[in-house]
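S.K.: Mind folding the following:
(3 chains)
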Amino acid sequence: MQVLSPQFKPRATLALKDASLQAALGKARGGFVDKRAAAAAELPEFEQLREEAKAIKEHTLDHLDFYLERFEERVKAQGGQVHWARNAEDAQRIVLEICRKANAKTVTKGKSMVSEEVGINEVLEQEGIEVIETDLGEYIIQLAKEPPSHIIAPAVHKTKAQVSELFHAHHSKLGLTKVLTEVADLVNEARQVLRGKFFRADVGITGGNFLVAETGSSIIVTNEGNGDLTQTLARVHIVTSGIERVVPTLDDATTFLRLLARSATGQETETYTTVSSGPRRPGDPDGPEEYHVVLVDNGRSKMLAGRFREMLRCIRCGACMNHCPVYGAIGGHAYGWVYPGPMGSVLTPLFVGLDAAYDLPNACTLNGRCQSVCPVKIPLPDLLRELRHMQHEAKLSPWYQRAALAAWGFVASRPRLYHALTGLAVRALGWLGRGRGRFGYLPLASAWTKGRDLPAPQGKTFQEAWRERRGKSS
Amino acid sequence: MSEAREAILGSIRTALKRGPLSQPERQQLESQIATPPHHTRPHFGDDLARRFAAKLESRAATVVAVSRMADASGAVVDYLDRLGLPKAVAAAPALENLEWPQGLAVRFGRAETSDQVSVTPCFAGVAETGSLVLLSGPSSPTTLNFVPENHVVIVRAARIVRHFEDAWDLLRKEAGGIPRTVNVISGPSRTADVEQTIQLGAHGPRRLHVVVVNG
Amino acid sequence: MTSPVPAGPRIGLFATCLMDSFRPSVGFAAVKLLEDAGCTVEVPAAQTCCGQPALNSGDFATTRRLAKQVIETFAGFDYVVGPSGSCMATIKNDYPQLFADDPQWREKAEDLSRRSFELLSFLTDVLKVDRVKARFEGTVTYHDSCSGLRELGVKAQPRKLLATVEGLKLSEMQDAETCCGFGGTFCVKYPDISEKMASDKVANIEASGAGTLLGGDLGCLMNIAGRMKRLGKPVRVFHAAEVLAGMADGPGLAEPEVR
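M.R.: As a prediction, this is how the structure comes out:
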């Protein structure tokens, strides 16, 4: 997938001016937040579960090699195949080869962020294979030729009217020419169109929310049932999953399932949780003939070593972006790659480079709300600040910013000089601003005064006024 | 691909600053898998059947109770009548021994696109969230759970367990290893992908009807 | 609060840089509240800034230099108190982390961390102040600044004290806990996004029907007041300490001297 993160600023500005996007974001914002808060409040054990989930992940990461091998061994014993992908190219090649062997013409897909990350669709389409996203949100953005703007609600940026236009444009060719205005009718039409695809598909690709070492299983959760039709009706089922998704046992997975639905959509549970363990067994009247799991590293094993290891706990619930005021203002596309919002602002620089994704860690107010709702307690603000530190050390920040910081640091480490200079500046500004109490424009402060006035100082610094009133104490 | 496998495992071990785990260490982890640690589970009252039904209904499923297994097929006919559906169902072969009423066409096997109603058994019910645990196998095709617009599930009240972990325990004890597919179903299919408006019947069944057999 | 509070504790006031330059009246309000509660307050002249601008820009070396300055300046005080959740969270939470690899300074940073408090939570949680003698006629709404709220747990404390101000009525706004878009240097690095966030905040303030906005952090208050004035809104803005000290009779933030 093309990396547009370097254009973060202009894309964010466009997003702020996009009336449809702002309408869609406005509708989404409150819902996610309120539903999650209610779901968490209904479960007194929620905080305890967060702690335990974090501990399970930390244990698993400490023994990641063991659990992956254990998982592989169980999958093989059940007649499935495990493939290891070091990077995106490996993953693309593996999936393509499986599809070629299966002589695939049509591939259906359940929602998988890893497959977005490694760019599966493009490769299959170049091969002349028809690829159909079946999650309704993914289907909508596939028609619109856009990447997802949210990891669990990929089309959250689209209004009903836009979906209606898209469906009309694409479904008319199939003889469905009516312009639909009700959500129910739009969903029904998509159901009708996609039904045929499920039955025609040769290969079904899904993600894996969790991999279970105990049983050699992949687990997916959906509300629509699209993942189940994808993997049950196709001849071949391919699971694409990051290596960090493995957990030791079904019981461990259950702790995460309790957190995932509540954090993601504020549901107690998603409608469908499906545990898949290999291909069709003797006597089975249905199910895939082949079951493949593609374990994707793509930089994850390196993250395991350092400060960003904590990011490997992420279960892709989307709560951080649902609660991020910056995401809420600009939506997901401005971030310019697969993962938006706070988790994306940590991951994207690690995947595509500190320079290309320079803005992402910086476009954050460090308000901490993401961390407070993260089901596995990832300290996202600290990680974003660490990325800023790496950028600073690599001298990637703009020269004028580093110069200003150095000058300020020089003065702030010399209290006498600092107070002399602030005293002068405050006196001047206080005198200039006393009439209105604020400045609508100020040279050198135009970034501040662009959208807001600057309150005028009161005329003296506190230090000066204090010493005038109280003498030279301390 | 074994090259990639070794590269990834090697990279993990480098990051963890160690080599492969020793045999005793592996055995220790194996034994932890064999006896999973007891994690926190939601606490709730003892009327499991009531909670099970209430939770399912809260997600737009319908629930009826009958007193014995012989009445279950009658409940299916009632359901068809209520919805004005033709008297024909696709049922899991596992239900072949059920007494099916005259006048109801029952086809046993996997689902076909023309099927409007499926009837399946259920391995266990979970009171925690009001969820049904269905296992794939020669006598219980998975397609029945997703293809028809109406899915009727017959569950014995005695098989309603408290937590998911209890269902996994049953699975470990009774099913003889994990089946190809375990479907945990907690309501009819739904989506909220258009303007966060909840719409039932996105891809899977539009309606889920649960018959609880008390006897 | 492991150790008991000494009688008449000696407080070093952390005069935050925004307070020092833009709103000394907040400093005097803080002093009055602390002295009314029986404290002795001193204002060390050798202080400048906690270093947060450098910290949040990823310049940890400069931050450490300034942190050492703060640690040394405030070495002898029973407590260090400042009228800002964000500066005090930096001192309390970030300083010890900054010296993770330097045992000597880490110890000093942890000692300072234990003695450091945000003003309003210090009054209620440590000094056990449960009422103030102040009067303020009107309806106010309260913006929970992010650092104070999430890093220091400041939420109930200001409301508890404000409830004892005669004549004051609190009308909570929608999304009081949502960031106003200040974020330190964020607001000048990403002014468009910041402006949108501030506008949302202003809309919620207006919808609350309150005539006055209060908060515990000058950065956020300057941002919101600036946006509010730009949009021509009449809502006044004060630091909560000014109201609690009975010193909110002068001009609010961004208001002219003579009203």
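
S.K.: and the spatially most central residue of chain B, how far is that from residue C:188?
M.R.: The residue lying closest to the centre of chain B (CA atoms, centre = their mean) is residue B:133, at 2.6 Å. As judged by CB to CB, to the nearest Å, residue B:133 and residue C:188 stand 56 Å apart. Backbone N, C-alpha and C define where each C-beta goes, glycine included.

S.K.: Please apply the same query to residue B:101.
M.R.: To residue C:188, residue B:101 is 76 Å away according to CB to CB.

S.K.: Of those two, give the one with the bigger neighbour count.
M.R.: residue C:188 (16 against 11; other CB atoms under 10 Å in any protein chain shown).

S.K.: Hmm, residue A:17 and residue A:334 touching each other?
M.R.: No. Using CB atoms under 8 Å as the test, residue A:334 is too far from residue A:17 to be in contact (11.7 Å).

S.K.: Stretch C:10-25 near chain A at all?
M.R.: Yes. For stretch C:10-25, a contact with chain A is found by CB under 8 Å from any CB of the partner chain, at C:12, C:15, C:17, C:19-25.

S.K.: Keep only those of the residues you listed that are in helices.
M.R.: C:17, C:19-22, C:24-25 (DSSP state H).

S.K.: Just the closest of those to chain A, please.
M.R.: Set against chain A, the nearest of these by CB to the nearest CB is residue C:24 (3.6 Å).

S.K.: Any figure for the gap between the closest one and chain B?
M.R.: 48 Å (CB to the nearest CB, to the nearest Å).

S.K.: contacting residues around the closest residue in space to that residue that isn't next to it in sequence?
M.R.: Nearest non-adjacent residue to residue C:24, counting by CB to CB, 6 or more residues apart in numbering or on different chains: residue A:462, 3.6 Å away. Neighbouring residues of residue A:462 by CB atoms under 8 Å, 6 or more residues apart in numbering or on different chains: C:15, C:19-20, C:24, C:27-28, C:43.

S.K.: Kindly recompute the last result at 6 Å.
M.R.: C:15, C:19-20, C:24, C:27 (CB atoms under 6 Å, 6 or more residues apart in numbering or on different chains).

S.K.: what would those look like in a markdown table with pLDDT, neighbour count and distance to residue B:53?
M.R.: Formatted as a markdown table, the contacts of residue A:462 follow (pLDDT from 0 to 100; neighbours: other CB atoms under 10 Å in any protein chain shown; distance: CB to CB, whole Å):
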| residue | pLDDT | neighbour count | distance to residue B:53 |
| --- | --- | --- | --- |
| C:15 | 98 | 28 | 63 |
| C:19 | 97 | 28 | 60 |
| C:20 | 97 | 30 | 64 |
| C:24 | 97 | 22 | 66 |
| C:27 | 98 | 26 | 63 |
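
S.K.: any idea how far the residue in the stretch 151-259 of chain C positioned nearest to chain A is from residue C:59?
M.R.: Taking CB to the nearest CB as the measure, the point where the stretch 151-259 of chain C comes nearest chain A is residue C:183, at 2.7 Å. Going from residue C:183 to residue C:59 by CB to CB gives 17 Å.

S.K.: Does residue B:215 touch residue B:66 like I think?
M.R.: No. Using CB atoms under 6 Å as the test, residue B:215 is too far from residue B:66 to be in contact (8.0 Å).

S.K.: What values do phi and psi take at residue C:215?
M.R.: Residue C:215 adopts backbone torsions of phi -170, psi 180, taken as degrees, to the nearest 10.

S.K.: Quick one, grab the pLDDT at the residue nearest to it when sequence neighbours are not counted.
M.R.: Nearest residue to residue C:215 in three dimensions, chain neighbours excluded: residue C:143, at 4.2 Å (CB to CB, 6+ apart). Residue C:143 is assigned 98 on the pLDDT scale.

S.K.: What distance do you get for residue C:143 to residue C:157?
M.R.: Relative to residue C:157, and taking CB to CB, residue C:143 is found at 14 Å.

S.K.: Between those two, point out the one with more neighbours.
M.R.: Using other CB under 10 Å as the criterion, residue C:143 and residue C:157 rank with residue C:143 on top: 26 against 22.
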